[in-house]
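# build the 3D model from these lines:
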Amino acid sequence: MNFCPNCGNQLDRNALYCGNCGENIAPFQQSESPHTVQTHVVSESSPSFQTEDLTFRMKNSQRRIVNLWYILGLTFVFCMFLPSIIGLDGFDGGNNWTTVYADTTLQFWGLWFTNPQTGYISGSNGKIMKTTNRGDNWTFLTTPTSTILDGIWFVNENTGYVGGANIFLKT
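Predicted coordinates for the structure are as follows:
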């Protein structure tokens with residue numbers, strides 16, 4: 001069986017052009033399988049072409065990529081869940097909640113933690129609060145507005161954005 005090197009379509013034995021894509025078959029060595037990749041390497045010592053079958057290397061590289069994703073996945077699961085499983089995080093999985101800040105005159109809509117210690121909340125009256133101890137204590141930050149701030153997002157530890165009713169702020 002002969003196959004087109006461009007589209008993999010099965011060809012007649014003496015075909016000069018592919019009936020599917022119109023590729024000129026004559027300059028290429030026709031492949032015996034649609035899954036075999038042929039490359040043409042020009043040798044510096046000779047003007048002739050050499051054909052090298054890359055099928056085996058491609059399978060190995062694909063296998064390496066799958067193994068890499070598998071290892072990365074296991075590492076992620078290990079890093080994210082092991083501290084909770086063995087009790088190092090100090091939390092009970094959300095079974096019990098503790099009030100860390102209460103103010104009945106404010107409403108908070110945005111919450112973002114840049115790391116496990118440092119977090120920010122935004123809300124009504126242009127208020128933004130910050131914690132540096134996992135939420136045990138919160139301090140108010142100064143903003144140039146008194147409008148509602150209902151979304152907050154940080155791109156890194158030092159650069160954050162907050163948005164609200166007709167306003168957008170950057171730190």
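
# list the buried ones in stretch 97-115?
Neighbour-count burial for stretch 97-115 flags 108, 110, 112, 114 (criterion: 16 or more other Cβ atoms under 10 Å). Just so you know, the C-beta spots here come from the backbone N, C-alpha and C atoms, and that holds for glycine as well.

# between these, which is nearest residue 159?
Using Cβ to Cβ, residue 114 comes nearest to residue 159 of those, at 9.6 Å.

# thought residue 123 was touching residue 105?
No - Residue 123 is beyond contact range of residue 105, at 10.4 Å (criterion: Cβ atoms under 8 Å).

# the strands in this structure, which residues?
Per DSSP state E, the chain carries strands over the ranges 2-3, 10-11, 38-42, 49-53, 108-113, 119-123, 128-131, 139-141, 149-154, 160-164, 167-170.

# run through the neighbouring helices and strands of the second one.
So the one you mean is strand 10-11. Helices and strands touching strand 10-11, by 3 or more Cβ pairs under 8 Å, 6 or more residues apart in numbering; DSSP states H and E, are strand 2-3.

# which strands and helices lie in contact with the strand it packs on?
Counting by 3+ Cβ pairs under 8 Å, 6+ apart, strand 2-3 packs on strand 10-11.

# if we can go back for a sec, can I get the strands of the chain in a markdown table including mean pLDDT and distance to residue 73?
What follows is these, written out as a markdown table (pLDDT from 0 to 100; distance: least, Cβ to Cβ, whole Å):
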| stretch | mean pLDDT | distance to residue 73 |
| --- | --- | --- |
| strand 2-3 | 77 | 36 |
| strand 10-11 | 82 | 39 |
| strand 38-42 | 50 | 33 |
| strand 49-53 | 48 | 32 |
| strand 108-113 | 88 | 24 |
| strand 119-123 | 92 | 27 |
| strand 128-131 | 92 | 31 |
| strand 139-141 | 91 | 38 |
| strand 149-154 | 90 | 26 |
| strand 160-164 | 91 | 30 |
| strand 167-170 | 90 | 35 |
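
# show the contacting residues for the closest residue to residue 126 other than its chain neighbours.
Computed as Cβ to Cβ, 6 or more residues apart in numbering, the closest residue to residue 126 that is not its neighbour in sequence is residue 145, at 4.0 Å. Counting by Cβ atoms under 8 Å, 6 or more residues apart in numbering, residue 145 makes contact with 126, 164, 167, 169.

# I appreciate the help and will end here.
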